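1. Predicted model follows, preceded by the sequence.
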Amino acid sequence: MKKIFVCIALITTTFSFAQLGDYYYSNNHPKAKGLNFQIKKPLGYEQSEGDRPNIVQKWIKNKTDNSKMVSFMINVRNDEVFKQYSIEFWEEYLKSKEGVEDFLSGMMDNVSSYRYIVIDGYPGLIVDYETESRRLAFSFKLYSNSIYVIVDSHLLTLTLSSPNLKLKDENMLLLYKLANSIIFPEQYK
């Protein structure tokens, strides 16, 4: 009987973590800069508008406790240089060490790993890195994984961050689920 209870507890725990809710749609959001996308919302996270120019949406859990805080952000930049090259060019560029070092120039010292990925048919990278941040008189480390995706003239970034490395690592499955839920609907018209 004890084994059955443990199995039920493990199954319930597995399915209760890293769950996704309804879709968030960026349609006509000014910070999305004309990029229409949709992404499922992470359950149990507080959703809010981004407070910086390129942050479209963010989802935060335990925002008042740095030992437990985890956040996801969607950031969009628009730059015609992305559109000057084909998807095939970006695929090869992001698969090459030289291309990645160029793409991530300025942050390579903080990067511990990266790899090429594809999100809804578009080329991208997933990057694991840490940064030192300062707010007022305080400084702290922030552990992050960012997924960069090039879509026409846009760069969409989905970032998982936490000041707690263990929590960041524990939420990687949710990052993958969020990334896998991203749809760029314009390509299907």
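-> Noted; the coordinates are in hand.
2. okay but Gln38 is in contact with Ser26, surely?
-> Yes: applying C-beta atoms under 8 Å as the test, Gln38 and Ser26 come out as touching, 7.0 Å apart. (Each C-beta comes from the backbone N, C-alpha and C, glycine too.)
3. what about these two, which has more around it?
-> Ser26 (21 against 16; other C-beta atoms under 10 Å).
4. Just the strands from this structure, written as ranges.
-> 20-25, 38-42, 46-49, 55-61, 70-78, 111-119, 122-135, 138-151, 154-162 (DSSP state E).
5. Can you list the neighbours in contact with the third one?
-> So the one you mean is strand 46-49. Strand 46-49 has contacts (C-beta atoms under 8 Å, 6 or more residues apart in numbering) with Tyr24, Lys41, Ile55, Gln57, Lys58, Trp59, Ile60, Lys61, Lys63.
6. quick one, what contacts the last one?
-> Contact analysis of Lys63 by C-beta under 8 Å, 6+ apart lists Glu46, Met69, Ser71.
7. per-residue confidence for it?
-> Listed pLDDT for Lys63 reads 89.
8. Equivalent analysis for Gln19, please.
-> 91.
9. now the one 10 residues further on
-> Model confidence at His29, expressed as pLDDT, equals 94.
10. Please report the distance of it from Gln38.
-> As defined by C-beta to C-beta, to the nearest Å, His29 lies at a distance of 11 Å from Gln38.
11. which non-adjacent residue is nearest Leu125?
-> Tyr148 (4.9 Å; C-beta to C-beta, 6 or more residues apart in numbering).
12. most neighbours per residue, which of the strands of the chain?
-> Stretch with highest mean neighbour count among the strands of the chain: strand 154-162 (a mean of 22; mean count of other C-beta atoms under 10 Å).
13. That one pairs with which strands?
-> strand 70-78 (antiparallel), strand 138-151 (antiparallel) (DSSP bridges).
14. And the average pLDDT for that strand is what?
-> Per-residue scores along strand 154-162 average to 97.
15. ok, back up a step: need the contacts of Lys63 in a markdown table with distance to Asp102 and pLDDT, can you?
-> Below are the contacts of Lys63 laid out as a markdown table (distance: C-beta to C-beta, whole Å; pLDDT from 0 to 100):
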| residue | distance to Asp102 | pLDDT |
| --- | --- | --- |
| Glu46 | 36 | 96 |
| Met69 | 32 | 95 |
| Ser71 | 28 | 96 |
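16. Pick out whichever of the residues you listed sits closest to Leu94.
-> Using C-beta to C-beta, Ser71 comes nearest to Leu94 of those, at 24.9 Å.
17. coming back round to it: now the strands paired with strand 154-162 as CSV including distance to Ser112?
-> Formatted as CSV, the strands paired with strand 154-162 follow (distance: least, C-beta to C-beta, whole Å):
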stretch, distance to Ser112
strand 70-78, 19
strand 138-151, 10
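18. out of those, nearest to Lys97?
-> Comparison of those against Lys97 by C-beta to C-beta identifies strand 138-151 as nearest, at 15.9 Å.
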